[in-house]
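Engineer: curious how this folds, go ahead:
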Amino acid sequence: MNRITRGRMSRRDLLKTSAVIGLAAGSTPLFAPAARAAQSIKLGYVSPRSGPLAAFGEADDFVIRGFLDTVKGGLDLGGSNYAVEVVVKDSQSNPNRAAEVTKELIVTDEVDMVLVSSTPETTNPVATQCEIEEVPCISTVAPWQPYFIGRQGNPGDPASWKPFNSTFHFFWGLEDVIAVFTNMWGQLQTNKSVGGLFPNDGDGNAWGDPTVGFPPVLSKLGYRLTDPGRYQNLTDDFSAQISAFRAAETEILTGVVIPPDFTTFWTQASQRGFRPKAASVGKALLFPVALEALGKAGHNLSSEVWWTPTHPFKSSLTGAPASAFGEAYQQATGKPWTQPIGFAHALFELAVDALKRSADPKDPAANIAAIGAADLHTLVGPIKFGQDNVPPFARKNVAKTPLVGGQWRLGADGKYQIIVTDNQTAPEIPAGGRMEAIG
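Structural biologist: The predicted structure is shown next:
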């Protein structure tokens, strides 16, 4: 467990990130001298900082330290000044561990609000514990269907689905990623034969679901899906899947695969002569490190794109645009920007916004009501619950954010960058090119 009250950065790193976090100074009366703070607000933060999902948490320290520097003077809430503390927990990419550390946050650390990010294996057990304990929780970076439906008592019976009281989620849905992927595939000449890689986990079961997942939509659009069935994460043999795809003359690959598994699959596919024209895969292809592990074989692989430094949005906390966050991260870490930066920051944007509007920032019920009434323009776009773009049964708890599609290109410098190749689902996000066949 890491307990952070302000976070210590070197002077060099602090100067490098000032383009992002320094804009808060003097921009709003929300931030006041720390000496005035006699009370504190404690936020819990859970993400996979180790294990096979660790790439999702790679930027967490950068985001949290930047946030804490922004609120170093405390928050003025309801006429009183509150110091801000963030208690960080590592889920270790394990759902059971995620539930355990959430109990610690609630019972031992006595946090006022829980923030959680990255995949249903993290968001769901954390949100479930918060719902049981009636603690306000905001989550992100998991499609809303596995988050909302996966937490129901009977996920297979829509008539039994009920809204939650304490837990709220913002991200896109399966309908959005399906639209993005098929829009990208439509730019290529293919035989419309699709191979699906769906693991036996929350995402895989949702994406491959015959009712709410990819199968019915692909069929309606004239695609033929070959689904060899669920496999266990961290498998070391994809020969059965590759054989099935070759037999079906698959020219398009899709799925939602953890990074190490896609590296294994793509390496074995190359060895067995399977090379589709398009490979649009969720989760595994979100991060530059995953592409670097593939070497030149990663060129023209494609993925959903939730956030980039070119997104036309600004932070409600600092006023800084997305471009400043991407640049600051690269300067501070020496690494390429990564998509979770925007959503991790937006969690803190929503938390502060709710606390500012809450009737009592130390009262869970008041904070829950404030979160549900959010209407905020954030680093990842506008977030508002209760909107028509979410089905009525999930509207209270889910807010959708924009999604586009992109393709990884290997530059002359040997580094990968993702190019937005389809923005039909979110025209406000600029496209930078068109799809190219893998070749």
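
Engineer: so where is the stretch 1-150 of the chain shaky, pLDDT-wise?
Structural biologist: Applying pLDDT under 70 to the stretch 1-150 of the chain flags residues 1-38.

Engineer: mind listing what the spatially most central residue of the chain touches?
Structural biologist: Compute the mean C-alpha point of the chain, and by C-alpha atoms, centre = their mean the closest residue is V141, 2.3 Å away. Going by C-beta atoms under 8 Å, 6 or more residues apart in numbering, V141 touches 56, 117-119, 123, 171, 306, 340, 343. Just so you know, the C-beta spots here come from the backbone N, C-alpha and C atoms, and that holds for glycine as well.

Engineer: dump those to JSON lines, plus distance to K314, neighbour count and secondary structure.
Structural biologist: Shown next, in JSON lines, are the contacts of V141 (distance: C-beta to C-beta, whole Å; neighbours: other C-beta atoms under 10 Å; DSSP: H, G, I helix; E, B strand; the rest coil):
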{"residue": "F56", "distance to K314": "23", "neighbour count": "29", "secondary structure": "helix"}
{"residue": "S117", "distance to K314": "20", "neighbour count": "27", "secondary structure": "strand"}
{"residue": "S118", "distance to K314": "23", "neighbour count": "28", "secondary structure": "coil"}
{"residue": "T119", "distance to K314": "27", "neighbour count": "26", "secondary structure": "coil"}
{"residue": "T123", "distance to K314": "25", "neighbour count": "31", "secondary structure": "helix"}
{"residue": "F171", "distance to K314": "19", "neighbour count": "23", "secondary structure": "coil"}
{"residue": "W306", "distance to K314": "17", "neighbour count": "23", "secondary structure": "coil"}
{"residue": "P340", "distance to K314": "18", "neighbour count": "24", "secondary structure": "helix"}
{"residue": "F343", "distance to K314": "15", "neighbour count": "24", "secondary structure": "helix"}
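
Engineer: ok, these vs E428, which is closest?
Structural biologist: W306 (13.9 Å; C-beta to C-beta).

Engineer: next, S243: phi, psi?
Structural biologist: Phi and psi for S243, reported as degrees, to the nearest 10, are phi -60, psi -40.

Engineer: contacts only, for the residue nearest to it when sequence neighbours are not counted.
Structural biologist: Once flanking residues are discounted, S243 sits nearest to R272: 8.0 Å by C-beta to C-beta, 6 or more residues apart in numbering. Listed by C-beta under 8 Å, 6+ apart, the contact partners of R272 are 239, 242-243, 246.

Engineer: just to revisit the earlier point, in TSV, list the contacts of V141 along with distance to P259.
Structural biologist: Shown next, in TSV, are the contacts of V141 (distance: C-beta to C-beta, whole Å):
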residue	distance to P259
F56	10
S117	16
S118	12
T119	12
T123	18
F171	19
W306	16
P340	13
F343	18
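
Engineer: report the two of the residues you listed separated the most.
Structural biologist: Checking the contacts of V141 with C-beta to C-beta, the most distant pair is T123 and W306, at 14.5 Å.

Engineer: all helices of this structure, in order?
Structural biologist: In chain order, the chain shows helices spanning 11-21, 60-70, 95-103, 120-133, 144-148, 174-185, 202-207, 214-220, 239-247, 259-271, 288-294, 322-333, 340-357, 364-372, with DSSP state H as the criterion.

Engineer: what's the closest of those helices to D422?
Structural biologist: Across these, closest to D422 is helix 174-185 (C-beta to C-beta), at 4.5 Å.

Engineer: name the helices or strands packed onto that closest one?
Structural biologist: Counting contacts by 3 or more C-beta pairs under 8 Å, 6 or more residues apart in numbering; DSSP states H and E, helix 174-185 is packed against helix 214-220, strand 278-283, strand 302-305, strand 404-410, strand 416-422.

Engineer: now, of the ones you listed, which is deepest in the fold?
Structural biologist: strand 302-305 (a mean of 26; mean count of other C-beta atoms under 10 Å).

Engineer: I'd like the distance from it to the chain centre, please.
Structural biologist: Chain-centre distance of strand 302-305: 12 Å, with C-alpha atoms, centre = their mean, to the nearest Å.

Engineer: one more: stretch 50-60?
Structural biologist: 11 Å.

Engineer: next, the buried residues of it.
Structural biologist: 51-60 (16 or more other C-beta atoms under 10 Å).

Engineer: other residues contacting that stretch?
Structural biologist: Against stretch 50-60 from outside (C-beta under 8 Å, 6+ apart): 45, 47-49, 88, 90-94, 117-119, 121-122, 141, 233-234, 258-260, 286-287, 289-290, 329, 335, 338, 340-341, 344.

Engineer: how about the helices and strands packed on helix 174-185 in TSV, adding distance to G386 and mean pLDDT?
Structural biologist: Converted to TSV, those look like this (distance: least, C-beta to C-beta, whole Å; pLDDT from 0 to 100):
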stretch	distance to G386	mean pLDDT
helix 214-220	25	94
strand 278-283	27	95
strand 302-305	25	96
strand 404-410	24	95
strand 416-422	29	94
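
Engineer: for those, which one sits closest to G208?
Structural biologist: helix 214-220 (6.5 Å).
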